[in-house]
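>>> Below are the sequence and a predicted model for it; my questions follow.
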Number of protein chains: 2
Amino acid sequence: MTPISRRRALTLAGVGASAAVLASACDDPKPETDEVAFTGEHQAGIVTPAQDRLHFVALDVTTKDRDRLIKVLKDWTAAAARMTAGRDAGEIGAVDGIPEAPPDDTGEALGLPPSHLTITVGFGPTLFDRFGLAAQRPAALEELPRFTGDTLDAALSGGDIAIQACADDPQVAVHAVRNLIRIGMGAVSVRWSQLGFGRTSSTSTGQATPRNLFGFKDGTRNLKAEETGALRDHLWVQPGDGPAWLDGGSYLVTRKIRMLIETWDRSSLTEQETIVGRYKGSGAPLGTEDEFDDVDFTSVGADGQPLLPTTAHVRLAHPDTNSGARMLRRGYNFVDGSDGLGRLNAGLFFIAYQRDPRTAFIPVQRSLAAQDEMNEYVRHVSSALFACPPGVTGPDDYWGRALFG
Amino acid sequence: MTPISRRRALTLAGVGASAAVLASACDDPKPETDEVAFTGEHQAGIVTPAQDRLHFVALDVTTKDRDRLIKVLKDWTAAAARMTAGRDAGEIGAVDGIPEAPPDDTGEALGLPPSHLTITVGFGPTLFDRFGLAAQRPAALEELPRFTGDTLDAALSGGDIAIQACADDPQVAVHAVRNLIRIGMGAVSVRWSQLGFGRTSSTSTGQATPRNLFGFKDGTRNLKAEETGALRDHLWVQPGDGPAWLDGGSYLVTRKIRMLIETWDRSSLTEQETIVGRYKGSGAPLGTEDEFDDVDFTSVGADGQPLLPTTAHVRLAHPDTNSGARMLRRGYNFVDGSDGLGRLNAGLFFIAYQRDPRTAFIPVQRSLAAQDEMNEYVRHVSSALFACPPGVTGPDDYWGRALFG
């Protein structure tokens, strides 16, 4: 039985809507460039130019059988390699399946191209309590401290394993996560899950800076794929940092940050710009001209006050205020229906990758939690930390092989 | 002060991600064709070729002041005309705003093109209890009956006013709904809200049939924009049907249908195809060859049983089984995080437009609720009915003018 290629299905069944837009706009064949390589030194989905859509899931491991867990990780790796190439999750597929058996692909992405799908996996601190992994837990991999003002929902926080699926098409990202959940059935179960619809950072110099739901450009000074030296210093775990299985990996922090957008929308333009520390239109730091101008910490206005207030978000989060700490942010906007109190349940699903959270996210967030005037307009409702292993290097490798092998 | 055009901002601030994909794929200027006309005989967003992303909100009207409500409808109409043309919601905007005042656009869609945004408004039965509207309530506009198996959440059902925003870019759809909520602040509040990420129907013959989260092609036989006669018979309210204010309008039914996808994913291919009544791969009705072949109600197999089971969804929902009833479906896939029981909270946000729900949705759903084997895998958790007025015809017109005027 020939495995179904989603690309073949595309030809057979007609093209999806976004592909149709491209095709009608170009009158050219669909570009063959929307596939991101799955294998490599590092996992894809970190410095990959941030795609526009996210499906993130945190899983509890329910099996007590170490071999069963390893089998799931191997099966996931194989399925992820297929799906990121635009193929079905399994050899047999949804269409050419065995009539008496459940299909080994759920089918909703048939006909859709790879859509720059990346699938990135991380391991939470709680995973290391079991499976003989205690000695392999890096010192940096422990539950994040409580920050001032945190209003976390424990059921939406933590998790043994994280899967981040990013793509240009949400149907492709959802399909990927759903099929990995299906493959893990009986060994893992869904703890929490988050859809994101608009990237709030650029991870490559080729990308324009997007806007978050406060309407401001976000992530202007993000760590970017092209900064090789800075990636080594701030993003990738280096030999000697901790247990060797994580060399070439990265720590992933997620924070679901509810924005009180109705309150924000009633604040004046000046107040918004004062809180953020940037002009809303250009994104330039206050007192400067251009989005990419250096932050001006010192200039004072005619009133003798700093042009950039001491409590401005951009000042408090800046590397110069945090012993040079930098992270690669990769967050997404979300709207999760309404909150039962007449408001949208909306905000930022913050994602940041870093070499060590103890010198990056934790001190920066301590500073923000204590002083940032933006806190009046945000609530942190979910928090998690994961250690993401290095990339899968070939057909015999799998996610976590150096940890479990 | 010059109103900011989002398109101008696009040039100034760089292009968004999807535009960048287009540009890099084509090496041509961005096509100027992603704007849908706001004015017309009927509201846009009904027969408009279904966009890929949805933000839907149902609002409670909290003001008791009829003039205030009319003012909101007028302001909404003006803002919608602007936003669907790719402009800010207000004259002054987010960027050129008055420093001491809240911006009259929230800013997160700055730099994004119109993205085929449509905004469609409907009025729920409960609106007619107030504002002297009782005599204007059409007989067909009453709460839908309870159907067998319904497990509705009242807090996620009903509503005085519905706003459906559809676009190619979810950020554009969310921006539109959020700004209308902002404009209505103090007069309306959010009752419930739903994001959808993948259209599950085509509304034009030029569109390929998409797949729902069961992995099947959905809406093959949908009412389509090109069927002028059928639209008159089945979609648009005709003179004499009821109160004149609704002539040229349509009734909108929404149902949030949770799919038990983990259970579905464990069922065999044959069982899935038997329940749906179509082949999963091609989408052809069972016993036929092609997706668009007529449903074969009568052929029997070697075992003497009908090739198309008597309980198949496609049979029960077919016009021939329902006195010719047809609707224009416009639903979306959704994933709303997880359900706290280890599963994704996912399914179909069903949207259907029709000339009269009493001869369309209600009898069809009665039949499905009683006999459809798919019921084992779905739960209806939200339900609503709205009467959508005809289109806005010019600058002096507004949504509901014929009702309130």
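Arrived safely, thanks for sending.

>>> Can you list the buried residues in the longest helix along chain A?
Here the longest helix in chain A is taken by residue count, with DSSP state H as the criterion, and it is helix A:66-84. By neighbour count, and taking 16 or more other C-beta atoms under 10 Å in any protein chain shown as the criterion, the buried residues in helix A:66-84 are A:68-84. In short, each C-beta sits where N, CA and C put it, glycine included.

>>> Start from the N-terminal end of the stretch 251-400 of chain A and give the helices.
According to DSSP state H, counting those that start in this stretch, the stretch 251-400 of chain A carries its helices in the segments A:261-264, A:269-276, A:313-316, A:361-371.

>>> out of these, nearest to chain B?
Of all those, the one in closest proximity to chain B, counting by C-beta to the nearest C-beta, is helix A:269-276 (4.3 Å).

>>> quick revisit: same for the longest helix of chain A, what does it pack against?
Based on contacts counted as 3 or more C-beta pairs under 8 Å, 6 or more residues apart in numbering or on different chains; DSSP states H and E, the elements that helix A:66-84 packs against are strand A:118-123, helix A:170-183, helix A:401-404.

>>> Residue A:112 in helix, strand or coil?
Taken by DSSP: H, G, I helix; E, B strand; the rest coil, the conformation at residue A:112 corresponds to coil.

>>> So what's the residue count around it?
A count of nearby residues for residue A:112, using other C-beta atoms under 10 Å in any protein chain shown, gives 27.

>>> What distance do you get for residue A:195 to residue A:205?
From residue A:195 over to residue A:205 the distance is 27 Å, taken as C-beta to C-beta, to the nearest Å.

>>> Over to residue A:176?
Taking C-beta to C-beta as the criterion, residue A:176 is separated from residue A:205 by 27 Å.

>>> Comparing those two, which residue is more hemmed in?
For residue A:176 against residue A:205, the residue with the higher neighbour count under other C-beta under 10 Å is residue A:176, and the figures read 27 against 11.

>>> picking that back up, out of the helices of the stretch 251-400 of chain A, the one nearest residue A:386 is which?
Minimum separation from residue A:386 across the helices of the stretch 251-400 of chain A (C-beta to C-beta) falls at helix A:361-371, 12.1 Å.

>>> counting contacts, what elements does the closest one pack onto?
Helices and strands in packing contact with helix A:361-371 are listed as helix A:313-316; criterion 3+ C-beta pairs under 8 Å, 6+ apart.

>>> List the contacts of the helix it packs on.
Taking C-beta atoms under 8 Å, 6 or more residues apart in numbering or on different chains as the criterion, the residues outside helix A:313-316 that touch it are A:275-278, A:285, A:295, A:297, A:308-309, A:321, A:367-368, A:371-374.

>>> tell me the mean pLDDT for stretch A:329-340?
Confidence over stretch A:329-340, taken as the mean pLDDT, stands at 96.

>>> mind listing what's buried in that stretch?
If you call a residue buried by 16+ other C-beta under 10 Å, then stretch A:329-340 has these buried ones: A:329, A:330, A:331, A:332, A:333, A:334, A:335, A:336, A:337, A:338.

>>> I'd like those residues laid out as a markdown table, including distance to chain B.
Below are the buried residues of stretch A:329-340 laid out as a markdown table (distance: C-beta to the nearest C-beta, whole Å):
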| residue | distance to chain B |
| --- | --- |
| A:329 | 16 |
| A:330 | 13 |
| A:331 | 14 |
| A:332 | 10 |
| A:333 | 7 |
| A:334 | 9 |
| A:335 | 5 |
| A:336 | 6 |
| A:337 | 5 |
| A:338 | 4 |
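
>>> which of these lies closest to residue A:350?
Checking these against residue A:350 by C-beta to C-beta gives residue A:331 as the nearest, at 4.5 Å.

>>> quick one, what contacts residue A:66?
Residue A:66 makes contact with A:131, A:132, A:404 under the criterion C-beta under 8 Å, 6+ apart.

>>> likewise residue A:323?
With C-beta under 8 Å, 6+ apart, residue A:323 has these contacts: A:359, A:363.

>>> Confirm residue A:155 sits in a helix?
Yes: the assignment for residue A:155 (three-state DSSP) places it in a helix.

>>> surely it meets residue A:193?
No: contact between residue A:155 and residue A:193 fails when scored by C-beta atoms under 8 Å: they sit 11.6 Å apart.

>>> Just want to know which of the two has more residues nearby.
Neighbours around residue A:155 and residue A:193, counted as other C-beta under 10 Å, are more numerous at residue A:193. The numbers are 25 against 11.

>>> What score does that one have for pLDDT?
Taking residue A:193 on its own, its pLDDT is 98.
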